[in-house]
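Engineer: Dropping the sequence and predicted coords here.
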Amino acid sequence: MRRGEVWSYTSTTRTPRVLVVSSDMLNYARLPIVVDVTEIESSFTTLGLLTVSLGDGIGYARCMGLFRAEPSRFEALLAQVSDDVMEQVDMALRVALDL
């Protein structure tokens, strides 16, 4: 798994899709950090400011929190988002985490 990839993910507490946001160094160490991906666009509220469209048919990254994912639960690579989209995700995470 690599930064910017959207994966299907098996978990009872996570959404069925996640976006990898961690550096590739952490990913190679099998310590990926992800945000949930949903099919539902948030309304333009505070929640909407922390949600980033990943592109048609991919979904929306919900940047309200970071989660450590278990590598064995990654099932299939679904998409690779662009650098521009990852910059939007980075900005939303900076807002959410006051970085």
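Structural biologist: That came in fine, so what should we check first? Residues are numbered from 1 along each chain as shown.
Engineer: Quick one: mean pLDDT for stretch 4-22?
Structural biologist: Per-residue pLDDT over stretch 4-22 has a mean of 91.
Engineer: got a list of contacts for that stretch?
Structural biologist: 1-3, 27, 31-38, 54, 58-59, 61-62, 66-67, 69-70, 73-83, 85-86, 89, 93 (C-beta atoms under 8 Å, 6 or more residues apart in numbering). The way it works is simple: take the backbone N, C-alpha and C, and place the C-beta from them, glycine included.
Engineer: Sort out which residues of that stretch are buried, please.
Structural biologist: Counting neighbours by 16 or more other C-beta atoms under 10 Å, one finds that the buried residues in stretch 4-22 are 4-7, 9, 14-22.
Engineer: What is the distance between stretch 19-35 and the centre of its chain?
Structural biologist: When C-alpha coordinates are averaged (C-alpha atoms, centre = their mean, to the nearest Å), stretch 19-35 and its chain have centres 10 Å apart.
Engineer: what's the first-to-last distance across that stretch?
Structural biologist: 5 Å (C-alpha to C-alpha, to the nearest Å).
Engineer: For residue 97, grab phi and psi.
Structural biologist: phi -100, psi 0 (degrees, to the nearest 10).
Engineer: What about it, how many residues nearby?
Structural biologist: By the criterion of other C-beta atoms under 10 Å, residue 97 has 11 neighbours.
Engineer: That one and residue 91, how far apart?
Structural biologist: Using C-beta to C-beta, to the nearest Å, residue 97 is found at 11 Å from residue 91.
Engineer: Bridged to the spatially most central residue of the chain, which residues?
Structural biologist: Computing the C-alpha centroid of the chain and ranking residues by C-alpha atoms, centre = their mean puts residue 19 first, at 2.7 Å. Residue 19 has these beta-bridge partners by DSSP bridges: residue 6, residue 35.
Engineer: and the gap between it and residue 49?
Structural biologist: Residue 19 is 17 Å from residue 49, where distance means C-beta to C-beta.
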